[in-house]
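> my questions are about this predicted structure, shown below with the sequence.
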Amino acid sequence: MIQLKLNSKPGSPLRVLCLGSHSDDIEIGCGGTILRLVAESPGCVFHWVVFSACGVRGPEARRGAELFTKGAVLEGPVIKEFRDGFLPFVGADVKSVFEELKAVSPDVVFTHYRKDAHQDHRLLSELAWNTFRNHLILEYEIPKYDGDMGQPNVFAPLDTTVCHSKARHIVEVFESQRSKPWFEESTFLSLMRLRGMECNAPSGYAEAFYCRKLVL
Ligand SMILES: [Zn+2]
């Protein structure tokens, strides 16, 4: 299969906007792809926004952003303290954050899947499309109790070492989440292994996204 690359505009670094509802979403959804972009796109600039990171989750979000973008340029991270689970009910305030993000002109936006079962995730996806109307948007997936795994259609093959780094970083950084029985490296590796199978990744591992609009 022909492989498309994420290229920046000539003469400027690749600009990536990462949007996450909660402090570990970006890392779980596209952490491997971010690590790959850092290695493949020198000077890559990451704009990083987490909407709900209260208490200890704030420093964890910051540490995650710094760790995953190490070696690239990190703008922010912008860390908000909206209440977990309540984003749709303070939608006007969340929308105001997106209005400020219009100043960023990203080459690619990573956000949640539009049909994600979590209401906070869905709102961010909706507002991303509402705000960035002429941009490439890739929607990432988050495994969860609700069981909403779907059929993503864009795949980013990843080296085995990148996948293991991603899974290890997540469990190390987000200490507050370790009490959840599913919050362990094997969960993240398993999903990447399945997506790697689906795209015939050389290493066997990949992350996957939903792309609803792509211009060739
Ligand atoms: Zn989340």
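Nice, I can see it. Residues are numbered from 1 along each chain as shown.
> quick check: closest non-adjacent residue to the spatially most central residue of the chain.
Centroid-nearest residue in the chain: I26, 3.2 Å away (criterion: Cα atoms, centre = their mean). Nearest non-adjacent residue to I26, counting by Cβ to Cβ, 6 or more residues apart in numbering: G20, 3.8 Å away. In short, each C-beta sits where N, CA and C put it, glycine included.
> related to what we said a few turns ago, wait, doesn't the residue nearest to the centre of the chain sit right on F46?
No. With contact defined as Cβ atoms under 8 Å, I26 does not count as touching F46 (9.5 Å).
> overlap in contacts, these two.
Common neighbours of I26 and F46 are listed as C18, I34, A65 (criterion: Cβ atoms under 8 Å, 6 or more residues apart in numbering).
> how far away is the last one from G29?
This means A65. Distance, A65 to G29, using Cβ to Cβ, to the nearest Å: 13 Å.
> and if you look at G204?
G204 is 20 Å from G29, by Cβ to Cβ.
> phi and psi next, for the residue in the chain that the ion sits nearest to.
Nearest residue of the chain to the ion, counting by Cβ to the ion: H22, 3.6 Å away. Note on H22: backbone dihedrals following degrees, to the nearest 10 are phi -120, psi 170.
> residues contacting it?
H22 neighbours (Cβ under 8 Å, 6+ apart): V50, F51, S52, A53, R57, D84, D120.
> the second one: helix or strand, and which one exactly?
Assignment of secondary structure by DSSP states H and E places F51 within strand 45-52.
> and that strand, what other elements does it pack with?
Judged by 3 or more Cβ pairs under 8 Å, 6 or more residues apart in numbering; DSSP states H and E, strand 45-52 is in contact with strand 15-22, helix 25-40, helix 57-68, strand 73-79, helix 91-101, helix 119-131.
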